[in-house]
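Peer 1: Everything below, folded, please.
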Amino acid sequence: MTKKLREKIFERDNYTCQWCGKNDMDENMLLPAHIRTACLCGDDRESNLVTLCRYCYNHVPNKEIMRKFETMENKREFNELYQKRVAGYGDYVNYVKSVFSRNGLTGTRPQIDRFVKMCLVAEDDLNGFRKELDENPKVARQIMTKCFIKKITYTEYKNAKSEVSTHD
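Peer 2: Numbers count the residues shown, from 1 in each chain. Okay, here's the model as predicted:
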């Protein structure tokens with residue numbers, strides 16, 4: 001979040017904690033809080049931010065902040081984004097599992113689920129791994145293990161591998 005956006009949120013909220021009402025012009029005592037967190041597809045748009053004092057920021061549960069401050073417009077928009085993400089994600093995990101199963105490869109749903117969450121974070125990761133999976137499932141399974149152990153994305157793995165091959 002940019003400093004300019006933080007300042008804009010504080011000004012909009014009159015340098016006042018929107019939960020407890022404490023007013024403090026000291027920016028170090030205030031924090032912009034997300035009404036809907038990133039894991040629920042929340043972002044840094046102004047309508048998804050609210051000013052909280054440090055105490056409330058650290059002690060009020062996210063669920064309560066969302067319940068009190070989320071507008072119906074934001075709720076509809078974020079719910080649509082969330083549903084698309086969850087549906088696409090579940091389809092992808094199921095696809096990986098089915099390819100592994102068809103090819104006699106092991107990979108439990110929790111393992112694949114963790115791999116997808118941790119290593120396939122961008123569209124390029126998803127598309128690249130799917131291509132790898134379709135072309136050679138055994139190699140894709142090995143890549144999955146390497147990415148998971150190294151805690152890197154599929155794209156980072158491919159970039160590192162191409163750097164090694166260009167130096168040979």
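Peer 1: A33 in helix, strand or coil?
Peer 2: Of the three states, A33 takes strand under DSSP: H, G, I helix; E, B strand; the rest coil.
Peer 1: Mean confidence (pLDDT) on the longest helix seen in the chain, please.
Peer 2: Ranked by residue count and defined by DSSP state H, the top helix of the chain is helix 72-102. Taken as a whole, helix 72-102 has an average pLDDT of 77.
Peer 1: thinking in terms of the whole chain, how far from its middle is that helix?
Peer 2: Centroid displacement of helix 72-102 relative to its chain, using Cα atoms, centre = their mean, to the nearest Å, is 13 Å.
Peer 1: Ok, stretch 17-28 next?
Peer 2: Stretch 17-28 has its C-alpha centroid displaced from the chain centroid by 28 Å (Cα atoms, centre = their mean).
Peer 1: Could you list every helix and strand in contact with the longest helix of the chain?
Peer 2: helix 109-119, helix 123-135, helix 137-150 (3 or more Cβ pairs under 8 Å, 6 or more residues apart in numbering; DSSP states H and E). All C-beta spots, glycine's among them, are computed from the backbone N, C-alpha and C.
Peer 1: tell me which residues of it are tucked away?
Peer 2: Of the residues in helix 72-102, N74, E77, F78, Y92, V93, V96, K97, V99, F100 count as buried by neighbour count, 16 or more other Cβ atoms under 10 Å.
Peer 1: Check stretch 133-142 too.
Peer 2: Those would be L133, P137, A140, R141, for stretch 133-142 by 16+ other Cβ under 10 Å.
Peer 1: Could you report the separation of the residue nearest to the second one when sequence neighbours are not counted from G128?
Peer 2: The one in question is P137. What sits nearest to P137 in space, not counting adjacent residues and going by Cβ to Cβ, 6 or more residues apart in numbering, is N103, at 4.2 Å. Look at N103 and G128: by Cβ to Cβ, to the nearest Å, they are 19 Å apart.
Peer 1: These two: who's more crowded?
Peer 2: Just comparing N103 and G128: by other Cβ atoms under 10 Å the higher neighbour count belongs to G128, 18 against 13.
Peer 1: Need the per-residue pLDDT for the more buried one.
Peer 2: Looking at G128, its pLDDT reads 85.
Peer 1: Distance-wise, check it relative to L40.
Peer 2: 27 Å.
Peer 1: Next: V50.
Peer 2: Distance, V50 to L40, using Cβ to Cβ: 15 Å.
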